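Asks: Here's a sequence, model it:
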Amino acid sequence: MPFKLERGSLSKQLRRLVRKELGAAIEALHNSSAPRIHDARKHIKKTRAIVKLLRRPLGKRYAQEDARLRDAGGSLSDLRDAEVMLQTFAALQKEFPALITPPIAGKVGRALRRDHRKAQARSKARARQTLGLLKRSRAALPRRVGEVSGFRVARRGLTRAFLRSKATLATLTSESCGDDFHAWRRRVKAHWYHVRLFASRQPSIQARARRLKALQAALGDDHNLALLGETLLEHPDGFGARTTAVVLGCIKKRQHVLRRHALASGRRLFASKPGAADAVVNRWREAQEIEKPR
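Replies: Numbers count the residues shown, from 1 in each chain. Presented below is the predicted three-dimensional model:
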């Protein structure tokens with residue numbers, strides 16, 4: 001079942017999606033050869049997006065469930081970060097071949113591969129720890145989601161995520177710190193997941209989902225570059241002053257381009273009023289002719 005709503009009861013579909021995503025995450029971590037960490041993290045993030053959509057009706061239960069899912073995803077970030085650092089550095093070298101020379105690339109690449117091997121060695125233990133958290137969520141969360149779901153609460157949740165992303169964007173410039181851009185990325189991603197839920201067979205909403213996907217991907221690239229920079233700064237003796245300065249300079253140049261485009265795209269996507277977020281749910285409801293508002 002794809003991550004989208006079809007015809008039928010909203011509460012039943014959200015309950016089924018939460019059960020499906022948690023089950024898929026657990027299955028990925030049970031993999032006998034090696035835990036599929038990346039797959040598990042994606043399923044956890046989708047589950048968290050639904051929980052955030054229903055934040056208010058979940059009440060006190062929201063903080064408990066969101067914290068558990070956040071901890072589950074965070075416990076798997078070690079290997080994800082190590083893998084992404086290798087990919088990010090390879091892309092940066094391709095972007096700036098005249099600056100990141102073979103000796104520099106060799107020095108940084110060896111260190112990153114060493115970190116990746118260490119993260120791989122820890123991955124199965126981390127997966128076992130995470131399984132316990134996910135199984136506790138699967139035991140009660142789907143039922144609770146089904147109990148509190150409804151058309152009005154979903155519409156309010158989607159609008160809230162839209163406004164939070166728009167408000168964060170208003171505080172940003174291309175010179176803002178990496179943490180601020182990462183906070184915006186998390187909010188954009190939550191809004192993207194919400195729009196995806198309601199985009200079935202609606203071309204205009206599907207187009208918005210595609211633009212949001214591209215935006216959060218660019219912000220993800222910016223965050224990965226920031227992590228790479230932090231890795232270099234944490235071990236200055238291991239890389240040397242010249243190597244560190246060259247790679248950090250390339251990171252800054254690439255981030256400047258990414259942020260300029262992300263800000264321009266974000267201002268277009270979030271230029272509309274909150275009613276535009278309401279419309280995402282309203283159009284889906286009209287098209288599907290499902291349950292009446294609570």
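Asks: all helices of the stretch 101-250 of the chain, in order?
Replies: For the stretch 101-250 of the chain, the helices defined by DSSP state H, counting those that start in this stretch cover 102-148, 151-170, 178-197, 203-234, 236-239, 241-269.
Asks: On the pLDDT front, check the residue nearest to Leu258 when sequence neighbours are not counted for me.
Replies: Nearest residue to Leu258 in three dimensions, chain neighbours excluded: Asp222, at 4.7 Å (Cβ to Cβ, 6 or more residues apart in numbering). (Glycine included, C-beta is placed from N, CA and C.) What the model reports for Asp222 is a pLDDT of 97.
Asks: ok, now Ser176?
Replies: 94.
Asks: so how many other residues sit close to it?
Replies: 15 (other Cβ atoms under 10 Å).
Asks: Now for it: which residues touch it?
Replies: By Cβ atoms under 8 Å, 6 or more residues apart in numbering, Ser176 lies in contact with Arg259.
Asks: what separates it from Ala226, distance-wise?
Replies: Distance, Ser176 to Ala226, by Cβ to Cβ, to the nearest Å: 12 Å.
Asks: roughly how far out does stretch 256-275 sit from the chain middle?
Replies: Mean-position distance between stretch 256-275 and its chain equals 17 Å (Cα atoms, centre = their mean, to the nearest Å).
Asks: in it, what counts as buried?
Replies: 258-259, 262-263, 265-266, 269-270 (16 or more other Cβ atoms under 10 Å).
Asks: which one among the residues you listed gets closest to Lys4?
Replies: Comparing these against Lys4 with Cβ to Cβ places Leu269 closest, at 19.5 Å.
Asks: Thought Gln216 was touching the closest one, still the case?
Replies: No. With contact defined as Cβ atoms under 8 Å, Leu269 does not reach Gln216; the gap is 10.6 Å.
Asks: one step back: the residue nearest to Leu258 and Lys252 touch, don't they?
Replies: No. Assessed by Cβ under 8 Å, Asp222 is found out of contact with Lys252, at 11.1 Å.
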